[in-house]
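In: Below are the sequence and a predicted model; questions follow.
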Amino acid sequence: MVTVLSLVFMGFVLGMRHATDPDHVVAISTIVTRQPSTRAALLIGSMWGVGHTLTIMVVGGALVFFAFVIPPRLGLTLEMGVALMLIVLGMWNLAGFLEQVRTIRLGQRAGASLVPAHSHSHGTIVHFHDGYSDSDQHQHHDAPIIEWLDWRLGGLCTYQLIRPLVVGLVHGLAGSAAVALLVLALIKNPWWAMAYLVVFGIGTIAGMMVITAAMGAVLAYASSRSYRVDSLRFASGFLSVGFGLFLAYQIAIVDGLIAGTPTAAMLH
């Protein structure tokens, strides 16, 4: 009984700690900052955890039961997928921010008068705008493809779920080998090892929900106080691109994916 409780406690705690890995937090922040509400943040965190747990269970289970060995180059390639995903997510946020800056400058060049900043929503997506107009009529800028997708598809449940789910799947795929090998080193029985992976997955879901709920609460408070949430989106995008480039260099050059022979195991 003590052994079972110890297994459950250790798996849950390590799962929650795993959710706080820098690449996880940076990636999920780029999504949360686009939806400044606690409820949306909780949903995002839970779906990331579900995606992460699914790949941990599938790939980790195969490693546990069938003793598959992931070659170092394949492992680093999966990690490179995480780095590239961070860059794409960051660029997604930066593109929306830069489009808003461009719109403001166009309004200034046209000699438009400034209208106080305001917010409005399209589905569950909340936008914050600095408006410009020459009259009482408010002018909306033409949204780029990224904003257009958020606008048109923001109310669809599947669209809200698929982004954090895919991010979680990629993270779980990249980290499943390291997690499974750690479990095998501690637990020899494959069924107990799978039980540990289940509890570990539940811990990652809970940990990420706590993290995203905290982010969502801060963003919701900022938006209610009319603070600029766009700057947080820019910061998360910039950090995601920078961290993604750092990981890409680390994996490709230092760990030898492109230059030399792969020598490093998983980063997770």
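Out: Great, that's in hand. Everything numeric in this text was worked out from a predicted model, so none of it was measured.
In: Give the burial count for G15, as a bare number.
Out: Neighbour count of G15, defined by other C-beta atoms under 10 Å: 27. The C-beta positions use only the backbone N, C-alpha and C, and glycine is treated the same way.
In: what's the spacing between it and R73?
Out: Separation of G15 from R73 (C-beta to C-beta, to the nearest Å): 28 Å.
In: Give me the nearest residue to G172, chain neighbours excluded.
Out: Leaving out its chain neighbours, the residue that sits closest to G172 by C-beta to C-beta, 6 or more residues apart in numbering is T55, at 3.2 Å.
In: Strands of the stretch 1-150 of the chain, start to end?
Out: Per DSSP state E, counting those that start in this stretch, the stretch 1-150 of the chain carries strands over the ranges 113-122, 125-133.
In: circling back to that earlier point, look at the residue nearest to G172 and say how many residues are nearby.
Out: The burial count assigned to T55 is 20, neighbours taken as other C-beta under 10 Å.
In: Quick check: which ranges of the chain have low pLDDT?
Out: Within the chain, the stretches with pLDDT under 70 are 1-2, 4, 36, 96-160, 177, 181, 225-229, 260, 262-268.
In: What segments of it are helices?
Out: Taking DSSP state H, the helices of the chain run over residues 2-19, 22-32, 38-66, 72-109, 145-153, 157-186, 190-224, 230-249.
In: I'd like the ones you listed written out as TSV, with distance to A259 added.
Out: Listed next are those as TSV, based on distance: least, C-beta to C-beta, whole Å:
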stretch	distance to A259
helix 2-19	29
helix 22-32	22
helix 38-66	27
helix 72-109	12
helix 145-153	33
helix 157-186	20
helix 190-224	32
helix 230-249	10
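In: can you tell which of these is closest to G256?
Out: Proximity to G256 (C-beta to C-beta) singles out helix 72-109 among the helices of the chain, at 7.6 Å.
In: Pull out the buried positions in stretch 161-171.
Out: Across stretch 161-171, burial judged by 16 or more other C-beta atoms under 10 Å covers L161, R163, P164, L165, V167, G168, L169, V170, H171.
In: do stretch 235-252 as well
Out: Of all the residues in stretch 235-252, those buried under the rule 16+ other C-beta under 10 Å are S236, G237, L239, S240, V241, F243, G244, L247, A248, Q250, I251, A252.
In: same check, this time on stretch 70-84
Out: For stretch 70-84, the neighbour count (16+ other C-beta under 10 Å) marks I70, P72, G75, L76, L78, E79, M80, V82, A83 as buried.
In: any idea how far the fourth one is from L14?
Out: Distance, L76 to L14, by C-beta to C-beta: 23 Å.
In: do the last one as well
Out: Spatial separation of A83 from L14 under the definition C-beta to C-beta is 24 Å.
In: again with the third one
Out: Summarising the geometry, the distance separating G75 from L14, computed by C-beta to C-beta, is 20 Å.
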